[in-house]
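Colleague: Mind folding the following:
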Amino acid sequence: MLNVQPQKSEYHAKRGWKCWLVNTKPKGVKKLPGSNPVGEKVYFATKAEAAEHCALVNAAQVLNGGVGDSQSGTVAEAIEQLTTSIQNRIFSGDLAYTTGKAYLNNTSCWLEYVGSLRCDEITYQHIQAVIDGDFADLAYKTQCDKAQQLSRVLELARKLGWIAPNAPNAAAREKGDGIGVAIYRRRHGKSEADARTDPVKEPFDPKVIGQLVKFVREEDDKLNAERVAIWKRKQDLHGKVGHNGLPQIQWRANATVLEFALQTGLRFSEQAALRWHDIEFVKHRIKVSVALRCAGKGGLKEVGQTKSYNSKRYVPITHQLKALLQDWKLKSQFSKDDDLVFPTSHGSHQYSSCNWRKRILHHACEWVAVPQLNWHDCRHFFASVCLANYGDNYAKIADLLGHDSTDFTRRVYGHWVEKEQADYEAEADALSNAVGY
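Modeller: Prediction:
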């Protein structure tokens, strides 16, 4: 049994023709039903299209040359073929890692529900029961994505000959005739009791945040003192510094990393991409213009536009943070203008917030005995500080946080703005006078 792979024809590529070849002529390759009995050479414009066709051909190898309508395969076998195709596209770089991972999750989730059914036996009632059952609590978009992936599985089964060509796709959305999968938007997702008693996330307590920072700072001081002691012992043993190449002390600055996130509200992707020339000490501000973005190949990231796609924004630096940054610049091994402010030990980007979250934030939360926070909660704390300082000036807060609109800022943080009783009384008096009767 041969495993067919797409091949690139340089001759066709130089002439601008379809250059990705799938060759089924070798004797060891079993042919697809309905194709040329002696095999054929088919050219495709992209590698992804060729890989998808190869998946069909390789499925025929496993299933002894393909099957007819009376020998329908199971949904699980069709899911396996589509999963293989998606993995090949991710590996070749034709599909972004994060997108492909979502495709894989939304495809494989159907195995336990309809995987044992034959592709020509599955009906929209089977799928509707799953959506209204175990998938009922999922978001509307997630339900749609899962149904769409199952629809692709069944289309692949149709190409394999497991479903009749004129048979409807069981996962197709309802089109008004009542025969199809219906996914409803829940306009009112909570009952009256839930809406009245549902807890609302409150602003962060500055005292708790202060305890977290204090703990991390003490841990930094303790470790830095140990490293200085080790460095001094090496100096006493080996002579003057620089005489025989004593390495520079690798200072630990986890507290500076945490306080920077708390006092600037930068997203992780923005903080990880920040360089020293972006920090304007004289003007007491930080220029935020770039961020780490997904590059689309193997989950790697590259520096590009920020999430809000604004050209740039400026965030003020507090006096405490300015002193911390100046001290860190003196101690850091990477202190040139083009160096990263918070790099790895090798001077490269921190590509994931997991490192900072687990080493800094979760460790501190455990010792201070508070629920674990996410790294993005540092941004929420900065928003609470801005609300305490600027009140309901959402335009100013949205500008500092890098939101595209003040409406988004109001929706997320509007309930954090607390007014005094006198403010409500004044608003009530103004409305009463406006009513006029």
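Colleague: contacts, neighbours, all on C-alpha from now
Modeller: Noted.
Colleague: quick one: Asn169 and Gln148, what's the gap?
Modeller: 11 Å (Cα to Cα, to the nearest Å).
Colleague: Between the two, which is the more surrounded one?
Modeller: Each of Asn169 and Gln148 has its neighbours counted (other Cα atoms under 10 Å); Asn169 has more, 22 against 18.
Colleague: In contact with Cys54, which residues?
Modeller: Listed by Cα atoms under 8 Å, 6 or more residues apart in numbering, the contact partners of Cys54 are 4-6, 22.
Colleague: want to throw those residues into a markdown table with pLDDT, neighbour count and secondary structure?
Modeller: Shown next, in a markdown table, are the contacts of Cys54 (pLDDT from 0 to 100; neighbours: other Cα atoms under 10 Å; DSSP: H, G, I helix; E, B strand; the rest coil):
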| residue | pLDDT | neighbour count | secondary structure |
| --- | --- | --- | --- |
| Val4 | 76 | 19 | coil |
| Gln5 | 79 | 18 | coil |
| Pro6 | 83 | 22 | coil |
| Val22 | 85 | 21 | strand |
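Colleague: Out of the residues you listed, which comes closest to Thr318?
Modeller: Of all those, Thr318 sits closest to Pro6, with 57.8 Å by Cα to Cα.
Colleague: Just list the residues touching Thr84, thanks.
Modeller: Thr84 touches Ala55, counting by Cα under 8 Å, 6+ apart.
Colleague: what ranges do the helices span in the stretch 251-400 of the chain?
Modeller: Using DSSP state H, counting those that start in this stretch, the helices of the stretch 251-400 of the chain run over residues 254-264, 268-272, 319-331, 354-356, 363-368, 377-390, 394-401.
Colleague: Export those helices as CSV, with columns for mean pLDDT and distance to Tyr11.
Modeller: Formatted as CSV, the helices of the stretch 251-400 of the chain follow (pLDDT from 0 to 100; distance: least, Cα to Cα, whole Å):
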stretch, mean pLDDT, distance to Tyr11
helix 254-264, 93, 54
helix 268-272, 90, 43
helix 319-331, 92, 55
helix 354-356, 85, 47
helix 363-368, 88, 59
helix 377-390, 89, 54
helix 394-401, 89, 53
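Colleague: Now distance to Val130 and mean neighbour count too, for the ones you listed, in JSON lines please.
Modeller: JSON lines is the format used below for the helices of the stretch 251-400 of the chain (distance: least, Cα to Cα, whole Å; neighbours: other Cα atoms under 10 Å):
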{"stretch": "helix 254-264", "distance to Val130": "42", "mean neighbour count": "21"}
{"stretch": "helix 268-272", "distance to Val130": "37", "mean neighbour count": "22"}
{"stretch": "helix 319-331", "distance to Val130": "52", "mean neighbour count": "15"}
{"stretch": "helix 354-356", "distance to Val130": "34", "mean neighbour count": "14"}
{"stretch": "helix 363-368", "distance to Val130": "39", "mean neighbour count": "16"}
{"stretch": "helix 377-390", "distance to Val130": "35", "mean neighbour count": "19"}
{"stretch": "helix 394-401", "distance to Val130": "40", "mean neighbour count": "19"}
